[in-house]
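sequence? don't have it. structure:
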């Protein structure tokens with residue numbers, strides 16, 4: 001490909017020999033005998049390559065190469081130094097040169113040298129174009145990323161606002177429901193109290209209806225209380241009433257609470273000994289609530305005839321300064337999918353499709369509000385403890401089971417100081 005080459009050289013013989021060699025290769029050669037004329041020609045002709053005699057005098061105390069490289073028109077034009085002695089590469093870089101050719105010029109190799117310089121320049125130009133494309137593309141990506149960040153920020157703020165409104169609504173609804181439910185429960189208490197004339201005249205069908213109403217009211221009150229607990233946990237406002245209590249008392253209460261349920265489901269509830277566990281300084285009602293939720297969950301997702309076990313062990317912190325009790329609640333149930341073993345601790349989350357929802361606290365695979373496990377973890381964390389689960393996965397046929405681990409610190413040091 002024909003190129004325009006500017007040769008700035010004081011020696012006329014060298015100018016002539018270079019012209020003859022390069023014009024045979026099809027190039028156009030423009031010659032200048034000195035620096036000022038060379039700069040002028042460079043501005044007018046805009047050559048593709050410049051051969052510069054480095055022995056030419058400076059212009060205004062600055063090297064001629066600096067004047068040429070400072071011309072906007074020649075920003076990407078390679079400048080080849082014609083030198084009588086080879087320069088170090090650092091020297092070439094200092095003058096922003098593309099290369100060097102020794103003088104006197106070897107006419108047999110000049111054409112190949114120029115071809116190599118031009119090829120390198122083509123590669124450099126292609127690389128610069130590619131870099132420019134990449135720069136523009138990166139700029140567009142950065143703009144799109146910034147736009148997406150703004151959109152995500154706005155969406156996140158909207159979600160936070162929605163979540164806040166949800167928590168406020170749940171809290172308000174729970175408080176509004178609690179008052180009329182308490183009134184209904186009170187009226188039922190009057191109707192069903194010993195010596196009530198209503199109960200004295202009630203037949204068997206009426207008694208069953210009353211029993212159903214009482215059960216429904218109790219469940220509603222439990223749901224309302226769960227809703228209030230969730231909002232308090234989310235707000236970090238859950239209050240604990242610390243007091244010394246033995247784990248054996250809590251285990252006994254759990255055994256009594258679920259005796260009839262496991263009998264109806266033909267399940268086995270094995271609760272281990274807890275005499276080796278020292279007296280705990282915790283909110284006994286809240287710890288009982290945790291275990292009640294865990295056992296209820298185990299019963300629900302364990303088939304009839306299955307087994308639920310509760311065991312307690314002592315463990316120490318890594319620095320051996322603090323003692324903890326680890327309570328394990330295991331079952332022979334359907335298990336939990338690996339990808340949902342953390343999500344089930346989120347409020348209102350159900351592993352199963354909500355379309356298949358069937359409300360029950362203890363029936364096999366019965367649904368619920370999805371609050372039991374979030375409340376259990378929230379109460380555990382409020383005590384300075386933790387709650388997690390391990391399960392090989394979900395399989396209603398093989399029933400791989402599940403283990404929940406509850407770790408709570410012992411010691412009065414965690415209780416609020418009076």
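It's in. Bear in mind that the values here come from a model prediction, so they are computed numbers and not experimental data.

by contact count, what packs against the longest helix anywhere in the chain?
As assigned by DSSP state H, the longest helix anywhere in the chain is helix 107-191. Helix 107-191 sits against helix 12-24, strand 49-53, strand 99-102, helix 204-234, with contacts defined as 3 or more CB pairs under 8 Å, 6 or more residues apart in numbering; DSSP states H and E. For every residue, glycine as well, the C-beta is placed using N, CA and C.

contacting residues for residue 314?
Residue 314 makes contact with 276, 277, 323, 324, 325, 326, according to CB atoms under 8 Å, 6 or more residues apart in numbering.

poorly predicted segments of the stretch 51-200 of the chain, please.
Applying pLDDT under 70 to the stretch 51-200 of the chain flags the ranges 125-126, 166-167, 170, 174-175.

related to what we said a few turns ago, next secondary structure after the longest helix of the chain?
The element immediately downstream of helix 107-191 (helix or strand, assigned by DSSP states H and E) is helix 197-201.

check contacts around residue 409.
322, 323, 324, 383, 384, 385.

identify the bridge partners of it.
residue 324 (DSSP bridges).

quick one on the thing from earlier: most tightly packed of the helices and strands packed on helix 107-191?
Comparing those by mean neighbour count (mean count of other CB atoms under 10 Å), strand 49-53 comes out on top with a mean of 24.

residues in contact with that one?
Strand 49-53 is contacted by residues 3-11, 14, 18, 38, 42, 64-65, 68, 74, 77-82, 101, 103, 114, 117-118, 121 when judged by CB under 8 Å, 6+ apart.

tell me which strands that strand pairs with, and in which orientation.
By DSSP bridges, strand 49-53 pairs with strand 4-8 (parallel), strand 79-83 (parallel).

on that earlier part again, redo the helices and strands packed on helix 107-191 as JSON lines? Include distance to residue 188.
Putting these into JSON lines (distance: least, CB to CB, whole Å) gives the following:
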{"stretch": "helix 12-24", "distance to residue 188": "110"}
{"stretch": "strand 49-53", "distance to residue 188": "102"}
{"stretch": "strand 99-102", "distance to residue 188": "101"}
{"stretch": "helix 204-234", "distance to residue 188": "6"}
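
of these, which shows the lowest average pLDDT?
Ranked by mean pLDDT, the helices and strands packed on helix 107-191 end with helix 204-234 at the bottom, a mean of 79.

partners of the nearest residue to residue 388 once chain neighbours are set aside in the sheet?
For residue 388, ignoring the flanking residues on the chain, the nearest one in space by CB to CB, 6 or more residues apart in numbering is residue 405 at 5.6 Å. Beta-bridge pairing for residue 405 (DSSP bridges): residue 328, residue 388.

can you tell me how far residue 405 is from residue 380?
Look at residue 405 and residue 380: by CB to CB, to the nearest Å, they are 10 Å apart.

same check, this time on residue 177
From residue 177 to residue 380 the distance is 27 Å (CB to CB).

quick check: which element contains residue 308?
Here residue 308 sits within strand 307-316, counting by DSSP H and E.

ok, that strand: who's next to it in the sheet?
Paired neighbours of strand 307-316 in the sheet (DSSP bridges): strand 268-271 (parallel), strand 323-331 (antiparallel).

reformat those as TSV; add mean pLDDT and mean neighbour count.
What follows is the strands paired with strand 307-316, written out as TSV (pLDDT from 0 to 100; neighbours: other CB atoms under 10 Å):
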stretch	mean pLDDT	mean neighbour count
strand 268-271	96	16
strand 323-331	95	21
